[in-house]
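> Provided below for reference: sequence and predicted model.
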Amino acid sequence: MAEKHLPIQFFEKRKEFDDRSTEGGGDSRIPSWVLTGADLSQRSSQLVSEIGDITSKLRQHRQTGKKLPLIVCTTIEEKAIAKSHRGNISALYADSERNNVLGFHGNRCLLTMVTSENILLGINQILTDTQNQAKLISSITDIAPFYPVVDMYDRNIHYYKIRLINYNNFDLNSAANILFEQQCIDEGIRIAHKTKYTSDMTIYRICLDSAEQLNLLSGFEGVYTIEKMSPVEATLDALEQEPTIEPKISDENSDYPIVGVLDTGIADNQFLQEWKVPFAFTNYPDEYRNISHGTFVSGIIEYGDELNGNSYTSLPGVRLFDATVYPDEAKERIYQDDLIEHIREAVERHSDIKIWNLSLGTTDEANIDEFSDFGMALDNIQDENNVLIIKSAGNCTNFMQQLPKSRITKSADSVRAIVVGSLAHRQGNYDYAKKDMPSPFTRIGPGPSSIVKPDLVFYGGNAGMNNGRLCTTGVPSFTPDGKITYNVGTSFSTPWISRMAAELSYLMNEEFDPLLIRALMIHNARYPAQCGMTMSDKVTQMGFGMPPSVKDMLYNSSDEITLILRDTLDKGNFIEMFDFPYPTSLVDDNGYFTGQIIITLVTKSLVDDKQAGEYCQSDIGILFGTYETEKDRDTSKRTVKNPKGLGEPQNLLLDSCYSSRAKGVYPKTGFERECTLVKYGKKFHPVKKYAVDLADITPSNKKKYLDKRRKWYLQINGLFRDFIEQDALVRNYQLSQEYCLILTIRDPQGKAPVYDEVSQQLDYKNFVHHNIQLRNVVTVDE
């Protein structure tokens, strides 16, 4: 492989040339799922009857002195969930004072407030009109009062987590909190803790002594969920041996990046004391700390390469900030709300530290259709402080019973964090996983709403069973007294990614940009060559793969170029770049384009914690391909806003363009000829990645779309969900979303002068571009 010494580049859209206005459209045809005849009449009668029940419930609600609005759950037909169909359902519940839609519960239940019988009377009239409202009636499967999701009472569980309904109104939310706290006082129920999870979500930890108390609280009008709350657990069992490496010495005159270690504490042993910053954060006195776990994590951050004989990092070392957020669990229990509060306090007090390692979390599996409170809290902490958290995916012990792996834990469904799973670094006698395959204990995806989690993987050890006894092959790090020890878990694959993220941030002499760091690591990640799995299994088990060395992420060889577009896209606009640069040397002897193309798009999705599975309220899509010619368009037509368009365009990121051999299990090659990594049919994925080899295109598509006389284009489109569009109208703000797009074009033969040719074309075609700004620092020789 050619040496990498050419810096990757930023480029900008041509401001007066590439911006476009979003145009109207839509399909006026009646969807196939719309009911007719007797089926339609039956659905209408059912819904009208249910509105009658809601009316009775509203009267009872008022007669019993309820002070908060009645909440109704309208279940939407699965095929009608699209925004274009949903707007009419939301409009049913609107009145002159407010939009009464609160958000989603699960994937299909729309939660709304009902404040008057007049609204219900209007809904009743609409639902009886089968002649004009067939589509609306067909799009609703049932309407019922909302009841909170409540866990069964368990006498062995002391604490329960209670989340109240968010009424999307300051006064109503304040009233709900006051009324709930007063009911707890009246019933003698102790509120153990009250914690801010996000700007709009407060969680109560309640001590319940009986099923009767649970029933009393579940009947409170403002309750959204009541869940059992178990202590968070972090364990470390290991064997020790004398160290075989020497401590590193830092240069007091040099700067180093800093990693915040949100853990149990860091020992002042001979290996780590030199690298700790002179200040720390802790919520616990020394006698309530067990620093084993945090020390092991920190040892990997600082000495991962040295302990394993690798060269993934570039700098001699990094500084370690000790943020003790977790106690010695033998002496004090800690609950999820405590941990979130400690993490928030540590980060807010030291928000100048931008990379944080979090190798702690819950053991509960994430929901498939709703994001966890813990994950949303981590997103909020990152957004409010402009930091990046590197989070472990979590471990499971299912392999000990020969059961499939569990999905990621709650907290590992954070959409802002980089979530890390584990690969086996080697295979011992009784280990189940082969080298470079997913560790038996690592948790897997997908995340809620089918998002890709974990994002990345790294080495975290191996495990298996021998005659009913657990056997492990661990990764090395340090005990508090400086001996080398071995352990397994995603807790210990995560620190590698934290170290690399910190180095990337430091070496790029740019303003800190968590979106760019995430994009770079995901863009450059690859699956191990020995991993003979289908692409679907790879994504589920390993996310986007394992990143290479830091140097490989920042530099290109002459036969490739990596371009970065970092921008913001406003609602109502899209970007369309005509005649996009593509190297002329990547044309074969028959006059057809060749080459490998990798595109990664990381979006800072607008999020709303009231929206359950629709937590991500915005999305960006990308098209990259060829077109025949530019064409003039008739702007006198009502739906046409842009005077220029593409003639016969073809998006070459589509799976359908490629032969079936490019979509299954691949040979041991340097480039995984995956077509599209994930089918993003459901949209609203904060991270999208595509990797295609034009050699895999079908013969007919090759003739139609890869002729060298065709030109290349890049198109970037935004999309927003109905709820946030309506909220923007009511509150009068402009919707926009940040994104980072990274594009690599590469010669699979390793010969073409791709870097120079594309750089020259960027100049010729009036693109502003520049090399990424890198610090002039001494790096570790590889």
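Great, that's in hand. All of these numbers come straight from a predicted model, not from anything done at the bench. Numbers count the residues shown, from 1 in each chain.
> Quick check: closest non-adjacent residue to residue 585.
Nearest-residue entry for residue 585: residue 752, 3.8 Å, with adjacent residues in sequence omitted and distances by CB to CB, 6 or more residues apart in numbering. Every C-beta, even on glycine, is put in place using the N, C-alpha and C of the backbone.
> State the distance from the one you found to residue 420.
Using CB to CB, to the nearest Å, we find residue 752 at a distance of 35 Å from residue 420.
> can you check residue 576 too?
Here residue 576 is placed at a distance of 36 Å from residue 420 (CB to CB).
> When those two are compared, which one has more neighbours?
More crowded of residue 576 and residue 420, by other CB atoms under 10 Å: residue 420, with 31 against 21.
> For that one, give me its contacts.
By CB atoms under 8 Å, 6 or more residues apart in numbering, the residues touching residue 420 are 390-393, 454-458, 490, 493-494, 496-497.
> So which of those residues sit within strands?
390, 391, 392, 456, 457, 458 (DSSP state E).
> Can you add pLDDT, distance to residue 558 and neighbour count and give these back as TSV?
Compiled in TSV, these are given as follows (pLDDT from 0 to 100; distance: CB to CB, whole Å; neighbours: other CB atoms under 10 Å):
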residue	pLDDT	distance to residue 558	neighbour count
390	98	32	31
391	97	37	33
392	96	38	32
456	98	28	26
457	98	30	31
458	98	29	25
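> now, which of those residues sits nearest residue 328?
Taking CB to CB as the measure, residue 392 is the one of the ones in strands among the contacts of residue 420 closest to residue 328, at 19.8 Å.
> Ranking helices and strands of this structure by mean pLDDT, which lands last?
strand 239-241 (a mean of 48; mean pLDDT, DSSP states H and E).
> Could you identify the helix or strand that succeeds that strand?
strand 258-263 (DSSP states H and E).
> roughly how far is that following strand from the heart of the chain?
Averaged C-alpha coordinates place strand 258-263 at 21 Å from its chain's average position (CA atoms, centre = their mean, to the nearest Å).
> Name the strands paired with the helix or strand that it is followed by and say parallel or antiparallel.
Remark: after strand 258-263, the chain's next helix or strand is strand 281-282, criterion DSSP H and E. Using DSSP bridges, strand 281-282 pairs in its sheet with strand 319-324 (parallel).
> could you measure the residue nearest to the spatial centre of the chain against residue 606, distance?
In the chain, the centroid-proximal residue (CA atoms, centre = their mean) is residue 415; its distance is 2.7 Å. Plainly put, residue 415 is 11 Å away from residue 606 if you go by CB to CB.
> One more: residue 202?
Plainly put, residue 202 is 21 Å away from residue 606 if you go by CB to CB.
> next helix or strand past the helix ranked longest in the chain?
In the chain, with assignment by DSSP state H, the single longest helix is helix 37-63. Counting by DSSP H and E, the next helix or strand C-terminal to helix 37-63 is strand 70-76.
> Pull the distance from that following strand to the chain's centre.
Mean C-alpha position of strand 70-76 versus that of the full chain (CA atoms, centre = their mean) differs by 28 Å.
> Direction included, what does it pair up with?
Strand pairing (DSSP bridges) places strand 70-76 next to strand 109-114 (antiparallel), strand 140-145 (antiparallel).
> Of these, flag the one that's most buried.
Using mean count of other CB atoms under 10 Å, the stretch among these with the greatest mean number of neighbours is strand 109-114 (a mean of 23).
> Whatever helix or strand comes next after that strand - contacts with which helices or strands?
For strand 109-114, the succeeding helix or strand toward the C-terminus, using DSSP H and E, is helix 117-127. Helices and strands touching helix 117-127, by 3 or more CB pairs under 8 Å, 6 or more residues apart in numbering; DSSP states H and E, are helix 37-63, helix 83-92, helix 134-138.
> which residues of the stretch 501-650 of the chain fall in helices?
Ranges of helices in the stretch 501-650 of the chain, per DSSP state H, counting those that start in this stretch, are 514-524, 535-542, 550-554.
> who wins for proximity to residue 462 among the ones you listed?
Going by CB to CB, the one of the helices of the stretch 501-650 of the chain nearest residue 462 is helix 535-542, 14.5 Å.
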